[in-house]
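K.L.:
Below: sequence and its predicted model.
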Amino acid sequence: MNYFELFSLPEKPVVDRTVLAKKYFELQRKFHPDYHTDDTEAEQSDILELSSAVNKAFAIFKDDQKTIAYFLQIKGFLEEEEKFSLPADFLMEMMEVNELLDEGETEKVRVLISDTEAQMDFDFHKIIANCGEKILEPEFLKIKDYYFRKKYLRRILDRLND
């Protein structure tokens, strides 16, 4: 089941949160098992499956990283548990960030990550805006690179919060 189709959303790496919430509540009213108690057992089973899919899709779409990963997966550009080689320049920057983290410079690390994320997010949204309706392979690869860079930064932030 394609969750974009279930929610009647365009297949894009970014979901409009306002539209998402509206669609979620519409689908909950339509597929919630409590509204189908008079249905046959088979119909109730189908409704339960759809209700579960709605909840799973909503959990994906309300998380930016999960949305991008799902988008890339359904488009065939991301494998489950895929290992991705990040560019050497990014890894060198992150090595410096990790050294600062090891030295206890947590505030400097937070600022560096915040600045890096802000630039990455700006570049990402520019890519999305320039794609229009059709995303070509080079843009998919840029989106994938963004996804893995962001994932790397999230791991560093998780270490800071431990």
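P.N.:
Structure's in. What do you need? Numbers count the residues shown, from 1 in each chain.
K.L.:
low pLDDT regions in this structure?
P.N.:
For the chain, not a single residue meets the criterion pLDDT under 70.
K.L.:
quick check: domain ranges of it?
P.N.:
Domain ranges of the chain: 3-62, 88-161, per automatic domain parsing.
K.L.:
Centre of the chain to the shortest one, how far?
P.N.:
The gap between where domain 3-62 is centred and where its chain is centred comes out at 18 Å by C-alpha atoms, centre = their mean, to the nearest Å.
K.L.:
Can you give me the end-to-end span of that domain?
P.N.:
Using C-alpha to C-alpha, to the nearest Å, the end-to-end distance of domain 3-62 comes to 12 Å.
K.L.:
One more: the last one?
P.N.:
For domain 88-161, the first and last residues are 26 Å from each other (C-alpha to C-alpha).
K.L.:
list the helices and strands the helix or strand harbouring I143 packs on?
P.N.:
If you go by DSSP states H and E, I143 is part of helix 137-161. Packing partners of helix 137-161 (3 or more C-beta pairs under 8 Å, 6 or more residues apart in numbering; DSSP states H and E): helix 64-74, helix 88-102, helix 106-131. For glycine as for every other residue, the C-beta is placed from the backbone atoms N, C-alpha and C.
K.L.:
Now do the spatially most distant residue from the centre of the chain against P10, distance only.
P.N.:
Largest separation from the mean C-alpha position in the chain: D38, at 37.1 Å (C-alpha atoms, centre = their mean). Per C-beta to C-beta, to the nearest Å, D38 is found 35 Å from P10.
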